[in-house]
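Asker: Return a 3D structure for these sequence lines:
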Amino acid sequence: MKDNPKEYDLGVLLVHGIGTQLCGETLVRWGDVLVKTIGRATRNRVQAEVQPAGRASDAARDSLTTAVLTLRSPSGQQEPWLLVDGWWADEVLPPSYRELVSWSVRALPWAIVFHITQRFWAGGQRNKAGAKFFQMGIAIFELLIGLAISPIFVFLLALTIVLGLLPIPQIRSFIRAAQGTLVSTVGDCLAFVESPVRAAMIRTRILARLEWLKEQCKYTMVVAHSQGAAVVMDVLGALREPVQKDSPQLESEIQSLAPDTLVTFGAGTNQLASLTRLSAGLPERVGMKNPVTSAIGALFGCFGITVWLGVSVFLHETDLRTILLGIGVLGMFVLASPLLTKFLVKLVSWLGKHWDAVKTREKKISIILGVILGGILMSAAVVCWLWLGPNPTQFPLAVNFAPTALILLITAISVILSRKMRDVLTIVPPKVDRWYDFYASEDPVPNGPTRISEPESDKRKSKQISNLGSFFADHTSYWDNLDGFVLPVLRVCAETGKSSWQNELPKESPEVDERAAWRVRSLQSARAIVCLSWMVTAGALWRFHRNVIPLPFKLASWLPAIAVTMTRFATLAVAMVVAAWVSSSIVQFIWRWWARSEQLRVLGHQAVENRGLWYRAGIWSVVWPVIALAYFAAAHRLPDLISPHGLKDIAHGTEGTVIAIWSLALWTALVAAWLLPGPRVPGSNTRLPE
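Answerer: This next block holds a predicted model:
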């Protein structure tokens, strides 16, 4: 078959993430940023013209949404790029809410546990030996909390099914809206993992786009976000075990459709790989079929046994010495049992290599010796218990289960954190020549770099960037990060398309990322102070004024007093959360001005050397009043402050108050700029022709 001439130099497939995006929405949002960044980053020496754009129908393909981008370099050379919307949201048939809850019973604890474990694995590869032990302790503590709260989240999800049936319009509408949001977001992940037909429909859509793009363009590239990135990785053969080999036919098909470059950002590949493995089942080499379920059962077993023993001590049925003695004796024998059993199995295997009589009866001999060993250990435990002298009538039954539950919990956690588990949940690299993975520092979806079975290289690497430093906002703010994300993506586009104007872009500089991380730390510090101040204010209000907190609605007279108290507490909590959100939003608004001004300087090849003094002063002018309010609340001086006399003094001294706050904010900004000046970003040495 004769190859047709390619119409476009570069084809870029833009694949959206989880959610209910409209057709063309991704193309418009991402494409607009790319077009504007081309002009800014080349100081308008490269002209970008978009024409045509919209639906492009092909008789052999379904309707596509595309945009043709014509780039004119300073030398007058034209380069046509084709941007294609990789829209797949319409291929997902949302599951019912009952299906989502049923799946969450298994998947939610797994997702929470491996969200924590991913941080441990990522940090363990960078830290030294001493720091690893400290980090392991932190990971174990976080795992215990995650294991404890995961059943609560599952229960709340199930409870919403019942609450949605209540004949109260306000509650029903709120619950139904929450259910719809969960189904349209998390439901996409369920659809891909648990429904082979839905997953195949999504993969087919992406493959069709890639095949069409290959026919039209000399070079191709995919830019994918969130679960869209995970879907593309699966299409390119990444969601397989490192030891798994593809058939020659599948290998050839993947290679023929693989783009020249893949860019993923905020990728949900780690989470999707772990959930896919949960659905398929863990291999035997891990040691447990489902360590997360075992850990949850053991943890609640330990909690129940502790309560049981505590009640027994309270009722004087036993004492602490007897409990500790019993747990120690039984624990010693429970630990010795598997070790001696393993020794006997190896001994019988070794004897079988030397005597044929043992070899032919190896399994039978192992069983007999195991039974004998069990009897000996049980007898030894009883003798040891009686020899130590506690009264048998004081021996609590719960002690029998305590060592087993504790050992099971320790074993399950060790399996979860083990290298074997990490290897099982590690993916193979995608079958592309170049792959760049971007993840924001606080983005919970990738939660660190994508785990791959091969070491990173110049053509396959993950890079951490700094967006907003927010657990809630980092995942959706990549395209606002002009210097840390958009500019590197544009560089990759120019390199993939072999553009003649690559040198017109600002040079890659590590100081840009260092400066961005420094700015984000400033924002995080301000947000933390604001939130902590509002927590102090809320605590003081509850302590001194709980009985005068207004109720949002009239409660029924037959409700107990605790219902009124809890309603007041919930009202105060919601009010403080809203106040903290509003204050943090104002701080973030000022910070965005600061970040955007420095990002535009980087795109304009200019040096960034200032210390952000005035922007910092603006941020602190919001922070200091919140701190002052927390102080007055904690000192029980709010009644004097809001009294008619106090309000009159504030009204008369408004000008002086504003000046005092601004002066304090300016001095704080000066001290911060002196102590933490921030990295300097060098400018470009190239000059524009006159």
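Asker: and the residue nearest to residue 214 when sequence neighbours are not counted, which of the three is it?
Answerer: Computed as CB to CB, 6 or more residues apart in numbering, the closest residue to residue 214 that is not its neighbour in sequence is residue 220, at 5.8 Å. In this view, the C-beta of every residue, glycine as well, is placed from N, C-alpha and C. Assigned by DSSP: H, G, I helix; E, B strand; the rest coil, the conformation of residue 220 is strand.
Asker: so residue 220 makes contact with residue 210?
Answerer: Yes: the pair residue 220 and residue 210 qualifies as a contact (CB atoms under 8 Å) at a distance of 7.2 Å.
Asker: Phi and psi next, for residue 82.
Answerer: Phi and psi for residue 82, reported as degrees, to the nearest 10, are phi -120, psi 120.
Asker: Quickly list what it is bridged to.
Answerer: Beta-bridge pairing of residue 82 under DSSP bridges involves residue 11, residue 68.
Asker: Can you show me the CA trace of the helix or strand residue 199 falls within as PDB?
Answerer: Using DSSP states H and E, residue 199 sits in helix 196-216. These are the backbone C-alpha positions of helix 196-216, laid out as PDB (Å, rounded to 0.1, in the frame of the first residue of the first chain):
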ATOM      1  CA  PRO A 196     -14.800  -5.000  30.300                       C
ATOM      2  CA  VAL A 197     -17.300  -3.800  27.700                       C
ATOM      3  CA  ARG A 198     -17.200  -0.200  28.900                       C
ATOM      4  CA  ALA A 199     -13.400  -0.300  29.100                       C
ATOM      5  CA  ALA A 200     -13.200  -1.700  25.600                       C
ATOM      6  CA  MET A 201     -15.500   1.100  24.300                       C
ATOM      7  CA  ILE A 202     -13.100   3.700  25.800                       C
ATOM      8  CA  ARG A 203     -10.000   2.100  24.400                       C
ATOM      9  CA  THR A 204     -11.600   1.700  21.000                       C
ATOM     10  CA  ARG A 205     -12.400   5.500  20.900                       C
ATOM     11  CA  ILE A 206      -8.800   6.400  21.800                       C
ATOM     12  CA  LEU A 207      -7.400   3.900  19.200                       C
ATOM     13  CA  ALA A 208      -9.600   5.300  16.500                       C
ATOM     14  CA  ARG A 209      -8.400   8.800  17.200                       C
ATOM     15  CA  LEU A 210      -4.700   7.600  17.200                       C
ATOM     16  CA  GLU A 211      -5.100   5.700  13.900                       C
ATOM     17  CA  TRP A 212      -6.800   8.700  12.200                       C
ATOM     18  CA  LEU A 213      -4.100  11.000  13.500                       C
ATOM     19  CA  LYS A 214      -1.300   8.800  12.200                       C
ATOM     20  CA  GLU A 215      -2.800   8.900   8.700                       C
ATOM     21  CA  GLN A 216      -2.900  12.700   8.700                       C
END
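Asker: tell me which residues in it are buried?
Answerer: The neighbour-count check on helix 196-216 (16 or more other CB atoms under 10 Å) flags 198-199, 201-203, 205-206, 208-210, 212-216 as buried.
Asker: Likewise for stretch 454-468?
Answerer: 460, 462, 464, 465, 466, 467, 468.
Asker: got it, and stretch 86-102?
Answerer: Residues of stretch 86-102 classed as buried: 86-89, 91-92, 94-95, 97, 99-102 (neighbour count, 16+ other CB under 10 Å).
Asker: what separates residue 677 from residue 136, distance-wise?
Answerer: 36 Å (CB to CB, to the nearest Å).
Asker: which ones among the buried residues of stretch 454-468 are found in strands?
Answerer: Using DSSP state E, 460, 462, 464, 465 are the members of the buried residues of stretch 454-468 that sit in strands.
Asker: could you list every residue that touches the third one?
Answerer: Under the criterion of CB atoms under 8 Å, 6 or more residues apart in numbering, the neighbours of residue 464 are 439, 440, 441, 449.
Asker: State the distance from it to residue 30.
Answerer: 21 Å.
Asker: And the last one, by the same measure?
Answerer: Summarising the geometry, the distance separating residue 465 from residue 30, computed by CB to CB, is 16 Å.
Asker: Ok, the second one next?
Answerer: In this structure, residue 462 and residue 30 are 20 Å apart, going by CB to CB.
Asker: hang on, the earlier thing: identify, from the buried residues of helix 196-216, the entry nearest to residue 483.
Answerer: Comparing the buried residues of helix 196-216 against residue 483 with CB to CB places residue 213 closest, at 28.3 Å.
Asker: and after the lowest-mean-pLDDT helix or strand in the chain, which helix or strand comes next?
Answerer: For the chain, counting by mean pLDDT, DSSP states H and E, helix 644-652 ranks last in confidence among helices and strands (a mean of 55). Downstream of helix 644-652, the next assigned helix or strand under DSSP H and E is helix 654-675.
Asker: how about that following helix: buried residues?
Answerer: 661, 664, 665, 666, 668, 669, 672, 673.
Asker: Show me what it is in contact with.
Answerer: 522, 611-614, 616-621, 623-625, 650.
Asker: Looking at neighbours, which among these is most surrounded?
Answerer: residue 619 (29 neighbours; other CB atoms under 10 Å).
Asker: Go ahead and confirm residue 114 touches residue 271.
Answerer: Yes: using CB under 8 Å, residue 114 is in contact with residue 271, at 7.4 Å.
Asker: Please, where are all the strands along the chain?
Answerer: Under DSSP E, the chain gives strands at 8-15, 47-58, 61-72, 78-85, 217-225, 261-265, 434-440, 460-465.
Asker: will you turn these into TSV that also has mean pLDDT?
Answerer: Formatted as TSV, the strands of the chain follow (pLDDT from 0 to 100):
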stretch	mean pLDDT
strand 8-15	94
strand 47-58	73
strand 61-72	81
strand 78-85	93
strand 217-225	94
strand 261-265	95
strand 434-440	93
strand 460-465	89
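Asker: Which one, of these, ends up nearest to residue 353?
Answerer: Going by CB to CB, the one of the strands of the chain nearest residue 353 is strand 460-465, 45.9 Å.
Asker: isn't residue 291 right next to residue 408, touching?
Answerer: No: using CB under 8 Å, residue 291 is not in contact with residue 408, being 9.9 Å away.
Asker: the more surrounded of the two?
Answerer: Legend: neighbour count by other CB under 10 Å for residue 291 and residue 408, higher for residue 291 (24 against 20).
Asker: can you pull the contacts of the more buried one?
Answerer: Per CB under 8 Å, 6+ apart, neighbours of residue 291: 282, 412, 413, 415, 416, 421.
Asker: mind checking the longest helix of the protein?
Answerer: Assignment by DSSP state H gives helix 561-603 as the longest helix of the chain.
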